[in-house]
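>>> need a structure here:
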Amino acid sequence: QVQLVESGGGLVQAGGSLRVSCAASGSISAVNAMGWYRQAPGKQRELVAVISSTGTTTYADSVRGRFTISRDNAKNTVYLQMNNLKPEDTASYYCNVKMWDQLRLLDYWGQGTQVTVSA
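Prediction:
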């Protein structure tokens, strides 16, 4: 069993900053990519940022230049630093971790952490 525990969400004014974290624990095998997705009410879940096992990062156009994803492999933790937040960033943020299980690449999801940005 693998558990992903997220923390760091909250309420912030527009222009402010937040950092969310996601720590993986349990039967950790070879961790591949780690990423963050978000889902606003009435909308589909969308990719925010992803970081590969080698540190290559990819960002959604809407957050590039404002958000930074990073990971600590020793702690099996992924972070998302969010700066210059906008009301449209309001959503539940979910971490995603891909792990190799023999020849299968498995997806694990966190429970979500709410980020609310007031105007």
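>>> What distance do you get for the residue nearest the centre of the chain to residue 102?
By C-alpha atoms, centre = their mean, the chain has its centre lying nearest to residue 36, at 2.5 Å. Counting by C-beta to C-beta, to the nearest Å, the gap from residue 36 to residue 102 is 27 Å. For every residue, glycine as well, the C-beta is placed using N, CA and C.
>>> in the protein, which segments are predicted with low confidence?
By pLDDT under 70, the chain has no low-scoring segment.
>>> where along it do the strands fall?
2-7, 10-13, 18-26, 30-39, 46-51, 57-59, 67-72, 77-82, 91-101, 104-109, 113-118 (DSSP state E).
>>> Single out the most deeply packed of these.
strand 77-82 (a mean of 23; mean count of other C-beta atoms under 10 Å).
>>> That one versus strand 67-72: what angle between them?
Angle of strand 77-82 versus strand 67-72, following axes from the mean of the first three to the mean of the last three C-alpha atoms, to 10 degrees, is 160 degrees.
>>> Just the C-alpha atoms of strand 77-82, please, in CSV.
Only the C-alpha atoms of strand 77-82 are listed here, as CSV (Å, rounded to 0.1, in the frame of the first residue of the first chain):
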residue,chain,number,x,y,z
THR,A,77,8.1,14.3,-1.5
VAL,A,78,7.0,16.6,-4.2
TYR,A,79,6.4,20.3,-3.7
LEU,A,80,4.5,23.0,-5.6
GLN,A,81,5.5,26.6,-4.8
MET,A,82,2.8,28.9,-6.0
